[in-house]
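> What would the 3D arrangement of this be:
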Amino acid sequence: MSTNHVTGGTARLNLSVHPICAFFKQYWRTFQEERRRQKLRTALYALNDHYLKDIGISRGMIEHIGSHPTVDPRFVGRDYLESG
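Presented below is the predicted three-dimensional model:
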């Protein structure tokens, strides 16, 4: 009977630790992603305007690209250019 009680207590402990571990894993992933984005911004700001033009972006687009790394910068504003 006491063995079941200890097992039950262990199960409750494992259930209560899981959300905490999940929180820290998600925090770490978010932290790493933000560091990666900051490195991207830093690298882009280090390029001169000629190199930025070669890769198809302007200096004013760097923050947008750093904040939305999954967006292909070559297509940012393309709808506007095609309609105008």
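
> CA atoms for contacts and neighbours, from now on please.
Noted.

> L44 against I62, yeah?
Yes: between L44 and I62 there is a contact at 6.7 Å, judged by CA atoms under 8 Å.

> What is the least confident helix or strand in the chain?
Using mean pLDDT, DSSP states H and E, helix 78-83 stands out as the lowest-scoring helix or strand of the chain, at a mean of 51.

> which residues of the chain score low on pLDDT?
1-15, 69, 71-84 (pLDDT under 70).

> ok, then the element right after the one helix or strand T42 maps to?
Per DSSP states H and E, T42 falls inside helix 2-46. On the C-terminal side of helix 2-46, the closest following helix or strand by DSSP H and E is helix 49-54.

> Counting neighbours, which bits of that following helix end up buried?
For helix 49-54, burial by neighbour count (16 or more other CA atoms under 10 Å) applies to L52.

> which residues are in contact with it?
Contact with helix 49-54 is made by L44, S58, R59, as judged by CA atoms under 8 Å, 6 or more residues apart in numbering.

> buried residues in whatever helix or strand comes next after it?
Scanning forward in sequence from helix 49-54, with DSSP H and E defining helices and strands, the next element found is helix 62-67. Within helix 62-67, the residues that qualify as buried are I62, E63, I65, G66, counting by 16+ other CA under 10 Å.

> The first one and V17, how far apart?
Right, the one you point to is I62. 40 Å (CA to CA, to the nearest Å).
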